[in-house]
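Participant: okay, sequence plus prediction incoming.
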Amino acid sequence: MRLVFIGPPGAGKGTQCKRLVELLKIPHLSTGEMLRTVKRQETALSRWVASYIDAGKLAPDHLVMRIVAQRLQSEECVNGALFDGFPRTIIQAQLLDDYLEEQGIQLDMALELKAVEDELIQRLLKRAQVDGRADDNYETIRERLHVFNTQTAPLTEYYASQGKLEQVDGMQSEELVFNAIRLCVDRHQPNN
Ligand code: AMP
């Protein structure tokens, strides 16, 4: 199964993704993680990538697609993948659709985790204390939420028009969210 996980920062995507990849036995492709790995290297590319991450802005679409395509070519992705934090723009969604079509495959589902903005800010500030992520500071959090609302949220329309969108209330307990996600997954399993 191939699915896209959409949700604002702090909605609990990370936690739910971990449970979902265990359930579906597919790899977890987090572009945030991939870009942070690039950022840790001491290269011109890493400094360029860092300038986007540290400002809470989106890295360029084609760069992200190139990194994702490299991962998709690996053997582990043959039976599916969970895309976490990607696509983040309509252009990325189109690039992904084009890439998958070239390979003769397609996405099965886009899952949106819905959340209340004030709660997200509180959660992210708390995460900053635990994880020490450099982009979990108040200014960058505000910017990332703004970027989500303006550039990523329109993806729901994009996937709804393809009949692939499912929405789950991310403000419930972790268990209830996961149960709701499981029902969505059942509806979109490729062999159903
Ligand atoms: P995340 O871990 O998904 O919250 O991503 C952290 C940061 O990485 C984002 O604020 C962006 O700067 C960058 N990033 C992650 N995924 C993407 C993407 N699909 N497109 C552009 N930038 C991304």
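Facilitator: Perfect, thanks for sending it.

Participant: against the ligand, how distant is R144?
Facilitator: According to CB to the nearest ligand atom, to the nearest Å, R144 stands 5 Å off from the ligand. No exception for glycine: its C-beta is placed from N, CA and C like everyone else's.

Participant: equivalent analysis for D54, please.
Facilitator: D54 is 8 Å from the ligand, by CB to the nearest ligand atom.

Participant: and that residue, how many neighbours?
Facilitator: 13 (other CB atoms under 10 Å).

Participant: now swap in the one 4 residues further on and tell me
Facilitator: Other residues near L58 come to 19 when the count uses other CB under 10 Å.

Participant: that one and H146 touch, don't they?
Facilitator: No. In this structure, L58 is not within contact of H146 by CB atoms under 8 Å, at 11.2 Å.

Participant: enumerate every residue touching the residue of the chain found nearest the ligand.
Facilitator: Going by CB to the nearest ligand atom, the ligand is nearest to G32 of the chain, at 2.0 Å. By CB atoms under 8 Å, 6 or more residues apart in numbering, the contact list for G32 reads D84, G85.

Participant: element containing it?
Facilitator: Secondary-structure element containing G32, defined by DSSP states H and E: helix 31-40.

Participant: list the buried residues for that helix?
Facilitator: T31, G32, M34, L35, R36, V38, K39 (16 or more other CB atoms under 10 Å).

Participant: hey, C-alpha coordinates of it in PDB?
Facilitator: Provided in PDB are the C-alpha atoms of helix 31-40 (Å, rounded to 0.1, in the frame of the first residue of the first chain):
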ATOM      1  CA  THR A  31      11.200  13.900   4.100                       C
ATOM      2  CA  GLY A  32      11.800  15.900   7.300                       C
ATOM      3  CA  GLU A  33      14.100  13.100   8.500                       C
ATOM      4  CA  MET A  34      15.800  12.800   5.000                       C
ATOM      5  CA  LEU A  35      16.400  16.500   4.900                       C
ATOM      6  CA  ARG A  36      17.800  16.600   8.500                       C
ATOM      7  CA  THR A  37      20.200  13.900   7.400                       C
ATOM      8  CA  VAL A  38      21.400  16.000   4.500                       C
ATOM      9  CA  LYS A  39      21.600  19.000   6.900                       C
ATOM     10  CA  ARG A  40      24.000  17.200   9.200                       C
END
